[in-house]
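**Student:** Below are the sequence and a predicted model for it; my questions follow.
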Amino acid sequence: MYGAIFDLDSARRSLQEIERQISASGFWENPQAAQEVGRKRSRIEKRIAAGESLNTKSEELDVLLELQREGEGVDADIESLVSQLETEVDDIEMTMKLSGDPSRRGRH
């Protein structure tokens, strides 16, 4: 569901490329560049983790909604999960706004 927002496949490819850079001979000879790559790696790892968390919760919500349609009493579980999703989405939106990424500004 959130793959389009996060493009997890692209993020994973970027992370693999960074891992190749880090393991390359001479990478650590330029500490300033290495530090910037490390920061980029951290941002990508956080983006992947956030996307995976949203995907997992979305799948859990689908299951709970199906159980609800079948008459199971899962309303409290649904409310709790929706609240968690809202909090995560709000946190992600704030991070995107604060990151200064112009491609993410003003999106909802």
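**Tutor:** Received the coordinates, thanks.
**Student:** Got the phi and psi for the residue of the chain positioned farthest from its centre?
**Tutor:** Among the C-alpha atoms of the chain, the one most distant from their mean position (CA atoms, centre = their mean) is that of G71, at 32.6 Å. Per-residue torsions, G71: phi 100, psi 0 (degrees, to the nearest 10).
**Student:** Go through the protein and flag its longest helix.
**Tutor:** Ranked by number of residues, the top helix in the chain under DSSP state H is helix 31-69.
**Student:** Poorly predicted segments of this structure, please.
**Tutor:** Scanning the chain for pLDDT under 70 picks out 1-6, 100-108.
**Student:** so how far is whichever strand or helix holds R13 from its chain's centroid?
**Tutor:** Using DSSP states H and E, the secondary-structure element containing R13 is helix 8-23. Distance, stretch centre to chain centre, for helix 8-23: 15 Å (CA atoms, centre = their mean, to the nearest Å).
**Student:** packing partners for the longest helix of the chain?
**Tutor:** Helices and strands touching helix 31-69, by 3 or more CB pairs under 8 Å, 6 or more residues apart in numbering; DSSP states H and E, are helix 3-6, helix 8-23, helix 75-99. All C-beta spots, glycine's among them, are computed from the backbone N, C-alpha and C.
**Student:** I'd like these written out as TSV, with mean neighbour count added.
**Tutor:** Rendered in TSV, the data for the helices and strands packed on helix 31-69 read as follows (neighbours: other CB atoms under 10 Å):
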stretch	mean neighbour count
helix 3-6	14
helix 8-23	13
helix 75-99	13
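**Student:** Those into a markdown table, with extra columns for distance to N55?
**Tutor:** Formatted as a markdown table, the helices and strands packed on helix 31-69 follow (distance: least, CB to CB, whole Å):
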| stretch | distance to N55 |
| --- | --- |
| helix 3-6 | 7 |
| helix 8-23 | 8 |
| helix 75-99 | 11 |
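**Student:** Please consider this matter closed, and thank you.
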